[in-house]
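Asker: Output the structure for:
(chains A, B, C, D, E and F)
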Protein chains: 4
Amino acid sequence: MGEDKRESIVAAALELFQTKGYHSTKVSDIVKAAGIAQGTFYLYFKSKEDLFRKAAEECMDEIAGALDQEPTGSADLDGPTVMYGMIKASLTVYYHNRKILHIISRHGEDSPELSEVCRNYYARLAQLIIRTFKHYNIFPHYTEEQLEIVAYAKIGMVEKAAYHCFIEQQYGLEQVELVTQVLVEMKGCGPETEGGKE
Amino acid sequence: MGEDKRESIVAAALELFQTKGYHSTKVSDIVKAAGIAQGTFYLYFKSKEDLFRKAAEECMDEIAGALDQEPTGSADLDGPTVMYGMIKASLTVYYHNRKILHIISRHGEDSPELSEVCRNYYARLAQLIIRTFKHYNIFPHYTEEQLEIVAYAKIGMVEKAAYHCFIEQQYGLEQVELVTQVLVEMKGCGPETEGGKE
Amino acid sequence: MGEDKRESIVAAALELFQTKGYHSTKVSDIVKAAGIAQGTFYLYFKSKEDLFRKAAEECMDEIAGALDQEPTGSADLDGPTVMYGMIKASLTVYYHNRKILHIISRHGEDSPELSEVCRNYYARLAQLIIRTFKHYNIFPHYTEEQLEIVAYAKIGMVEKAAYHCFIEQQYGLEQVELVTQVLVEMKGCGPETEGGKE
Amino acid sequence: MGEDKRESIVAAALELFQTKGYHSTKVSDIVKAAGIAQGTFYLYFKSKEDLFRKAAEECMDEIAGALDQEPTGSADLDGPTVMYGMIKASLTVYYHNRKILHIISRHGEDSPELSEVCRNYYARLAQLIIRTFKHYNIFPHYTEEQLEIVAYAKIGMVEKAAYHCFIEQQYGLEQVELVTQVLVEMKGCGPETEGGKE
DNA sequence: CATGAATGAGCCTTCATTCAT
DNA sequence: TATGAATGAAGGCTCATTCAT
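Answerer: Modelled structure (predicted):
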């Protein structure tokens, strides 16, 4: 039951953070929405930032965890197939964490402390992606530096698309495939590639 | 001379916003850094948020303005060439606005008002990109919906890469080309495309 | 217990408002005098003006309430008797509210909002008085306009006398009768009227 | 020309004080309305309060001066006639000073300093009235104390009536007589007195 | 005399956090 | 564990006043 309360706090907070932003959301708003007393909040979280960080870390762990299992397939898989899997997996976990994801990406640098948490998260994500690239030999001749750029670019691409589709356009889970398709095909940026097919 | 002061406020604010975050930066910090008195701040800006918004809007206008001139070339240009031009142009203007860009992307949703400014900015950017896609016939069979996803994904891709390279890695202007190259080639996501070339 | 605090705030505020004036009294002065913390003030009142308005309205209601019960007597009562009753009742309630009364009369127009509250109060008072005049047939041939002038004049007369006696001269409750006597007899403005009686 | 400016400041200030109240009127409002620069204000007045005090004192002097000439008539004049003269004179001067009068009565106690100026003004007025009472032998058997009460009551009566008529109802100068009539007859508070005459 | 940009002390208010019950 | 009244530090903003030109 204590756990219930903790969860209700987190749920209320996420809802409010997303709607009004982290700073405009007062602890008093959270407890009101969670149906508990002001003081009770501090039985479960050390501070407002503590709540944010814990929720953010849980979410980041889930996202990173989901991607961490990736490069288990045969190294023979081709690039597009691998990318498809990664992107779809990312989008799916992003969909389920769309609220907190949005919040993280918007308020992740409000304080130096949070900032570090976020930087670490993105660095971890980038390393996972690079590892996958290497495992499947996707960008064979790239330097570490170039791989990093690609990794961050991919993260930005998926995050922004997820934000646009899941938050702004309110896409449902069933449209994940559609979005994945678009993102994978983005590689084809022009007639020349299309031309190759014709 | 008044303009000087205004500029010194903006410069000091951008520096501080980027270092400590918007909320942790007090007006008193800004005026101290700008070498003016507390009250002087309010001769130039109605409020702290006003400063943020004005700086953000100026920057957004510059970015959107830079991209707005794009689709002037012949419609015969192929996709990669066009993308190369767009991405390079974006990265260049992002480089010059890297401070405020970072701040916008991190604090752009702190208040409902700011949020709208940002949403409009991204929508405007997306429309510019879609217009370019259409002008050069880059994603010929895509629906409007798919084009939007691509546009937002491109924005996220470039923004995140710019953030990583210009803010975190402190790349200089001379490395814009390198990054552009990587982002354009990202289309090739695997051996199959490479293979086509070999 | 919460009510205790509220009352202590009101009491401290009235004392200070009267001594130093509304604007020279800081919220910090009030809370210091009330023995509470700065923030506690805002648990009971929305703002300093809110405190003023609530206190003023309570006082005005009490005053108007006291006079509202007046015209219950037989319509046969003669003018002076009725006036005596009204004036004595007014002075008594003014005595008990002498602090706030003073403040209202001095600061009631500091802001447009307060101004309206006061205007309404005086209008209400004037209407009560006019109603009483009519009930006892005191100024039988007067137009509505004239009755209004008389009503406001009476209000001013009693207020100023109360101010002089209760605030400046520090009269006690036992001197209410004396003052009432003087105010009622004021009708006789010279020997001729006196002479008429003798 | 310097005097012109001084007058324009005073005029603008009176207008604004009356409309928005003393505290809500900023020096910047006054100079804007007077068509001068911010700094120019301080060439003519030491401070905002100085302006208020000087304007108030000028007005008070005019009022008191007008009444000071009163008891020049023959001591044979009867009470009502004397009262009529005094009240009409008061109302007339009040009419011409209606703006500042209003302001004084509303903001005269905002600071201890102003407060004293006002207290002195009313005391002076009361003494003038008492002197007149004595000169014409109007309240022959009254003690000093009683005379004071009457004097203050008269002041309150006239002030409030003037406020109601000239400020709220916007009466013109030609209605002074009407108001005077009502105030003088107020002595007759009921049919019994009227009856006594008939 | 006139200007108006600059000043900076000061106040109201907010809100995360605490603690007695 | 739960409460919610109380706390008080901190910051945005105002505005009367000054002063270099």
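
Asker: how about the helices of chain A, start to end?
Answerer: Secondary structure of chain A (DSSP state H): helices located at A:2-20, A:27-34, A:41-44, A:48-68, A:79-96, A:98-107, A:112-135, A:144-162, A:176-185, A:191-197.

Asker: And A:S24, how close does it get to DNA strand F?
Answerer: A:S24 sits 13 Å away from DNA strand F, taking C-beta to the nearest atom of the strand, to the nearest Å as the criterion. All C-beta spots, glycine's among them, are computed from the backbone N, C-alpha and C.

Asker: related to what we said a few turns ago, save the helices of chain A as a markdown table, and put in mean pLDDT too.
Answerer: Output for the helices of chain A, formatted as a markdown table (pLDDT from 0 to 100):
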| stretch | mean pLDDT |
| --- | --- |
| helix A:2-20 | 90 |
| helix A:27-34 | 97 |
| helix A:41-44 | 97 |
| helix A:48-68 | 88 |
| helix A:79-96 | 89 |
| helix A:98-107 | 80 |
| helix A:112-135 | 87 |
| helix A:144-162 | 95 |
| helix A:176-185 | 94 |
| helix A:191-197 | 38 |
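
Asker: Reformat those as JSON lines; add distance to C:V150.
Answerer: Shown next, in JSON lines, are those (distance: least, C-beta to C-beta, whole Å):
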{"stretch": "helix A:2-20", "distance to C:V150": "57"}
{"stretch": "helix A:27-34", "distance to C:V150": "53"}
{"stretch": "helix A:41-44", "distance to C:V150": "62"}
{"stretch": "helix A:48-68", "distance to C:V150": "62"}
{"stretch": "helix A:79-96", "distance to C:V150": "77"}
{"stretch": "helix A:98-107", "distance to C:V150": "66"}
{"stretch": "helix A:112-135", "distance to C:V150": "71"}
{"stretch": "helix A:144-162", "distance to C:V150": "76"}
{"stretch": "helix A:176-185", "distance to C:V150": "81"}
{"stretch": "helix A:191-197", "distance to C:V150": "94"}
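
Asker: Those helices: which one's closest to chain B?
Answerer: helix A:79-96 (0.9 Å; C-beta to the nearest C-beta).

Asker: relative to helix A:48-68, how tilted is the closest one?
Answerer: Angle of helix A:79-96 versus helix A:48-68, following axes from the mean of the first three to the mean of the last three C-alpha atoms, to 10 degrees, is 150 degrees.

Asker: quick one: contacts for the closest residue to A:S90 other than its chain neighbours?
Answerer: Spatially, and ignoring its direct neighbours in sequence, A:S90 is nearest to A:V158 (5.0 Å; C-beta to C-beta, 6 or more residues apart in numbering or on different chains). For A:V158, the contacting residues are A:87, A:90-91, A:94, A:183, B:153, B:156, by C-beta atoms under 8 Å, 6 or more residues apart in numbering or on different chains.

Asker: which one of those is nearest DNA strand E?
Answerer: For these, the residue nearest DNA strand E by C-beta to the nearest atom of the strand is A:Y94; the value is 27.7 Å.

Asker: Make sure the closest one is actually in contact with A:I155.
Answerer: No - using C-beta atoms under 8 Å, A:Y94 is not in contact with A:I155, being 10.6 Å away.

Asker: Among those two, which residue is more densely surrounded?
Answerer: A:Y94 (25 against 21; other C-beta atoms under 10 Å in any protein chain shown).

Asker: Pop the domain breakdown of chain A in here.
Answerer: Domain segmentation of chain A under automatic domain parsing yields A:1-45, A:47-188.

Asker: Find the one among those with the highest mean neighbour count.
Answerer: Stretch with highest mean neighbour count among the domains of chain A: domain A:47-188 (a mean of 19; mean count of other C-beta atoms under 10 Å in any protein chain shown).

Asker: quick one: is that one near DNA strand F?
Answerer: No - on the criterion C-beta under 7 Å from any atom of the strand, domain A:47-188 is out of touch with DNA strand F, staying 12.3 Å away.

Asker: Do that domain and DNA strand E come into contact?
Answerer: Yes - using C-beta under 7 Å from any atom of the strand, domain A:47-188 reaches DNA strand E at A:47-49.

Asker: And the residue lying closest to A:I103 once chain neighbours are set aside, how far from chain D?
Answerer: Leaving aside its chain neighbours, A:I103 sits nearest to A:F17 (4.6 Å; criterion: C-beta to C-beta, 6+ apart). Going from A:F17 to chain D by C-beta to the nearest C-beta, to the nearest Å gives 39 Å.

Asker: Quick check, A:F17 in contact with A:F52.
Answerer: Yes - shown here, A:F17 and A:F52 form a contact pair, counting by C-beta under 8 Å, at 7.4 Å.

Asker: residues shared between the contacts of these two?
Answerer: Counting by C-beta under 8 Å, 6+ apart, the shared contacts of A:F17 and A:F52 are A:103, A:107.

Asker: mind listing what A:K134 touches?
Answerer: By C-beta under 8 Å, 6+ apart, A:K134 lies in contact with A:L147.

Asker: For it, give its distance to DNA strand F.
Answerer: 45 Å.

Asker: now that residue: how far from DNA strand E?
Answerer: Distance, A:K134 to DNA strand E, by C-beta to the nearest atom of the strand: 43 Å.

Asker: I'd like to know the predicted local confidence at the residue of chain A found nearest chain D, please.
Answerer: Nearest to chain D in chain A, going by C-beta to the nearest C-beta, is A:S24, at a distance of 29.7 Å. Confidence at A:S24, expressed as pLDDT, is 90.

Asker: likewise A:E70?
Answerer: With respect to pLDDT, A:E70 has a value of 57.

Asker: now swap in the one 3 residues further on and tell me
Answerer: According to the model's per-residue confidence, A:G73 sits at a pLDDT of 64.

Asker: Equivalent analysis for A:I36, please.
Answerer: On pLDDT, A:I36 comes in at 96.

Asker: correct me, but it touches A:R6?
Answerer: No - in this structure A:I36 lies outside contact range of A:R6 using C-beta under 8 Å: 10.2 Å.
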